[in-house]
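Colleague: quick check, what structure comes out for this input:
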Amino acid sequence: MASMRRLRRRSVSMRFIRWFAHERQLFFWIPLLVYLAAAFGLVVGAHNIVGDAWSRVGNAFYVLFSRDPHLAAIGFVWNPLPSVLMMPLLLLRSFFPPLVEMGFAANIVSAVCMAAAVWQLHGTVAELGLGRPLRVTFTTLFAVHPMVILYGANGMSEAPFLLFLIIAIRQLARWLRSPDVVPLVFAGLALALAYFTRYEAVAAALAAALIVAAVGYSRASGDRSTRAVVALADALVVGVPFAAAFLLWALVSWIIVGSPFETFTSIYGNSSQVGLAIQGIQAATGQGTPAALGYAVSQVDGLEPLLLVGLVMAGGFALWRRDLRLIAPTGLLGAVMLFALWAFLSGKSFGWLRFWIDAVPLMVLACASLAADGLSARPSGRPWIGRLAMTVAVASCAVGLPVAAVTMITPNLAREEAYQIHDLLPTAHLDGAVAQANRPFVIGGEVARYIDSLTLTRGAVLVDVATGFPIVLQSKDALQFVITPDRDFLAVLSDPAVFGVRYVIVQSGEGTGQLDAVGRMYNAAQRASGTLGVLVRHFGAPEDNFGWDVYALPVAVTATNP
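Modeller: I've put the predicted structure just below:
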């Protein structure tokens, strides 16, 4: 009996090993381990924390653990799904405090989502009909692209956004190959999830609806009106899930905060932040001048220098083979890139390099399509065409890796990435800039430790977490803070002492300090005159953009502060 049990255990173990070693599983688990290792090195090892990613951890944290926990605390300026995905991880914060204190929950989510994106891209390439060597090659070229590795590790929303776009592309390509309604349903759902992740999904969804309508019309039989009805029905199948997500998010935002699109109307939104930084953006990118287009082209070329060549060659072979599937990645990813270009040229975008990350899967899928269509031409009696297409496709795709690596350590093109990569590949001339980039974490931690040392009661400290999240997330007691998502925040802000607030924290620097609600309520002159309270501590250098002032309020007869 014992020997039988050992045999059964060995059989189960062998089945697990075979399953794990399966090609498709490897293209999830190996990238996941690589991205998690890079994330650990960046965040826990080098304390290189991306503020945007960390703030999304804050949005999830306030829903669960703030003084006034409620679902609307997730906020309406940014799309909610990245923060929702982090919530289960935050339940483990007692076992691993860096999940919150360093925002590592965001890095886990980006690593999982980017690994899943690699897995989905592998499936997309496999469905083109490529053999194992080529599908492994193209999937690996995507997985190890420097931009993919970094954004699989740094906690930003690019990873889940790419995941949902690639799922939509895969499903749309299936429908283009065979007109079954099920892939359209899944494509629509993926686009809806993409919208809950990033607003740029609007462009991809519109492109998908137009593609489906045009192809559906051309496929349908009957007179024009009958074909138009068929095309409209197909477009509705792919478009309704996205439209529902769009309307639901706008409606909920309108009901709760009074605006359907907070990213445009809120002081904390993208439009406001771009407005504050516009002079620096223009100086760095030439935004507002003809040089802006050249800057954007240089960024795209820096990630995929042969993108245009790859698209033209793949398009030519697709036309020759009458293969519609290339329309899916070109249409969806191309639409997102056009949206990014419009936003940048019209002064609505920071012009970050990451806004062009879609060029990476677009290039890989275009080259994979080129190889697939080229190899399919071999039965025509010209096998050299297939071999040439395969060689050109792989070489064109591979060129992007070293070029992107150089681009991403070039500060004027990679204005975010160069400082993150520095901690993995130190570059002497960036030392001062990297230290400055880490200042919010360092100074926020100093403020948090000071506040914790005061052993205050519930709701005794007032701070705007749109800028002050590094303080609250590094504190040992989140309940001592009255924060922006709290439903009584505005009432407390109007008269803090009456509501039992003992200390008020105000950002002292310029830039994002202008977003601070406390600083806007009590301007510098009022604070200097003692209207707000007594300045008891300043954190950061006098000229530091991430400095904080802590004011002590006089004890007053207070209202009940829940």
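
Colleague: look up how far Val136 lies from Val297.
Modeller: Val297 sits 32 Å away from Val136, taking CB to CB, to the nearest Å as the criterion. No exception for glycine: its C-beta is placed from N, CA and C like everyone else's.

Colleague: these two: which is more packed in?
Modeller: Val136 (17 against 13; other CB atoms under 10 Å).

Colleague: leaving aside the residues adjacent along the chain, what's closest to that one?
Modeller: Nearest in space to Val136, with sequence neighbours left out and distances taken as CB to CB, 6 or more residues apart in numbering, is Glu23 at 7.1 Å.

Colleague: shaky segments in the stretch 251-400 of the chain?
Modeller: Counting by pLDDT under 70, the stretch 251-400 of the chain has low-confidence residues at 375-384, 386.

Colleague: within the helices and strands, which one has Asp486?
Modeller: Here Asp486 sits in a region with no helix or strand, counting by DSSP states H and E.

Colleague: find the nearest non-adjacent residue to it, please.
Modeller: Asp68 (4.2 Å).

Colleague: ok, the one you found - contacts?
Modeller: Pro485, Asp486, Arg487, Asp488, Pro562 (CB atoms under 8 Å, 6 or more residues apart in numbering).

Colleague: what about the strands in the stretch 451-562 of the chain?
Modeller: Read by DSSP state E, counting those that start in this stretch, the stretch 451-562 of the chain holds these strands, from start to end of the chain: 461-462, 481-482, 503-507, 534-539, 548-552.

Colleague: now these as JSON lines including mean pLDDT, distance to Val492 and mean neighbour count?
Modeller: Below are these laid out as JSON lines (pLDDT from 0 to 100; distance: least, CB to CB, whole Å; neighbours: other CB atoms under 10 Å):
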{"stretch": "strand 461-462", "mean pLDDT": "97", "distance to Val492": "6", "mean neighbour count": "28"}
{"stretch": "strand 481-482", "mean pLDDT": "98", "distance to Val492": "5", "mean neighbour count": "28"}
{"stretch": "strand 503-507", "mean pLDDT": "93", "distance to Val492": "10", "mean neighbour count": "25"}
{"stretch": "strand 534-539", "mean pLDDT": "91", "distance to Val492": "19", "mean neighbour count": "14"}
{"stretch": "strand 548-552", "mean pLDDT": "93", "distance to Val492": "14", "mean neighbour count": "22"}
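
Colleague: so which of those gets nearest Pro98?
Modeller: Ranking those by proximity to Pro98 (CB to CB) places strand 481-482 first, at 19.9 Å.

Colleague: export stretch 270-283 as PDB, just CAs?
Modeller: As requested, the backbone C-alpha atoms of stretch 270-283 are provided in PDB (Å, rounded to 0.1, in the frame of the first residue of the first chain):
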ATOM      1  CA  ASN A 270      -4.800  65.200 -15.700                       C
ATOM      2  CA  SER A 271      -5.700  68.600 -17.200                       C
ATOM      3  CA  SER A 272      -4.900  70.500 -14.100                       C
ATOM      4  CA  GLN A 273      -1.500  68.700 -13.600                       C
ATOM      5  CA  VAL A 274      -0.500  69.300 -17.200                       C
ATOM      6  CA  GLY A 275      -1.400  72.900 -16.800                       C
ATOM      7  CA  LEU A 276       0.800  73.200 -13.800                       C
ATOM      8  CA  ALA A 277       3.700  71.600 -15.600                       C
ATOM      9  CA  ILE A 278       3.200  73.100 -19.000                       C
ATOM     10  CA  GLN A 279       6.400  75.200 -19.100                       C
ATOM     11  CA  GLY A 280       8.600  72.300 -18.200                       C
ATOM     12  CA  ILE A 281       6.800  70.100 -20.700                       C
ATOM     13  CA  GLN A 282       7.300  72.700 -23.500                       C
ATOM     14  CA  ALA A 283      11.000  73.200 -22.600                       C
END
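
Colleague: so which bits of it are buried?
Modeller: Residues Asn270, Ser272, Gln273, Val274, Leu276, Ile281, Gln282 are the ones in stretch 270-283 that count as buried (16 or more other CB atoms under 10 Å).

Colleague: want to throw these into TSV with secondary structure and distance to Leu515?
Modeller: What follows is the buried residues of stretch 270-283, written out as TSV (DSSP: H, G, I helix; E, B strand; the rest coil; distance: CB to CB, whole Å):
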residue	secondary structure	distance to Leu515
Asn270	helix	12
Ser272	helix	7
Gln273	helix	8
Val274	helix	12
Leu276	helix	8
Ile281	helix	17
Gln282	helix	20
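
Colleague: what's the closest of these to Thr407?
Modeller: Ile281 (18.6 Å).

Colleague: circling back to that earlier point, just the closest of the contacts of Asp68 to Leu121, please.
Modeller: Closest approach to Leu121 among the contacts of Asp68 (CB to CB): Pro485, at 36.5 Å.

Colleague: so what's the residue count around the closest one?
Modeller: Neighbours of Pro485 using other CB under 10 Å come to 20.

Colleague: isn't Ser369 right up against Gly316?
Modeller: No: at 10.9 Å, Ser369 and Gly316 do not qualify as touching, with contact defined as CB atoms under 8 Å.

Colleague: and these two? Which one has more around it.
Modeller: Set side by side, Ser369 and Gly316 show more neighbours around Ser369, with 32 against 12, by other CB under 10 Å.

Colleague: and the strand or helix carrying Pro183, what does it pack onto?
Modeller: Following DSSP H and E, the helix or strand that holds Pro183 is helix 181-195. Using 3 or more CB pairs under 8 Å, 6 or more residues apart in numbering; DSSP states H and E as the contact test, the elements touching helix 181-195 are helix 158-177, helix 201-219, helix 224-257.

Colleague: quick one, domains of this structure?
Modeller: According to automatic domain parsing, the chain is divided into the following domains: 267-428, 438-552.

Colleague: and of the buried residues of stretch 270-283, the nearest to Gly302?
Modeller: Ile281 (18.0 Å).

Colleague: now that closest one, nearest residue through space, not along the chain?
Modeller: The shortest distance from Ile281 to any residue that is not its chain neighbour, by CB to CB, 6+ apart, is 5.2 Å, and that residue is Gln287.

Colleague: would that neighbour count as being in a strand?
Modeller: No: the assignment for Gln287, made by DSSP: H, G, I helix; E, B strand; the rest coil, is coil rather than a strand.

Colleague: could I get stretch 243-251 in PDB with only the CA atoms?
Modeller: Only the C-alpha atoms of stretch 243-251 are listed here, as PDB (Å, rounded to 0.1, in the frame of the first residue of the first chain):
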ATOM      1  CA  ALA A 243     -20.400  51.700 -23.800                       C
ATOM      2  CA  ALA A 244     -21.900  50.300 -20.600                       C
ATOM      3  CA  ALA A 245     -18.600  50.700 -18.800                       C
ATOM      4  CA  PHE A 246     -18.200  54.200 -20.100                       C
ATOM      5  CA  LEU A 247     -21.700  55.300 -19.100                       C
ATOM      6  CA  LEU A 248     -21.600  53.500 -15.700                       C
ATOM      7  CA  TRP A 249     -18.300  55.100 -14.600                       C
ATOM      8  CA  ALA A 250     -19.500  58.600 -15.800                       C
ATOM      9  CA  LEU A 251     -22.900  58.200 -14.100                       C
END
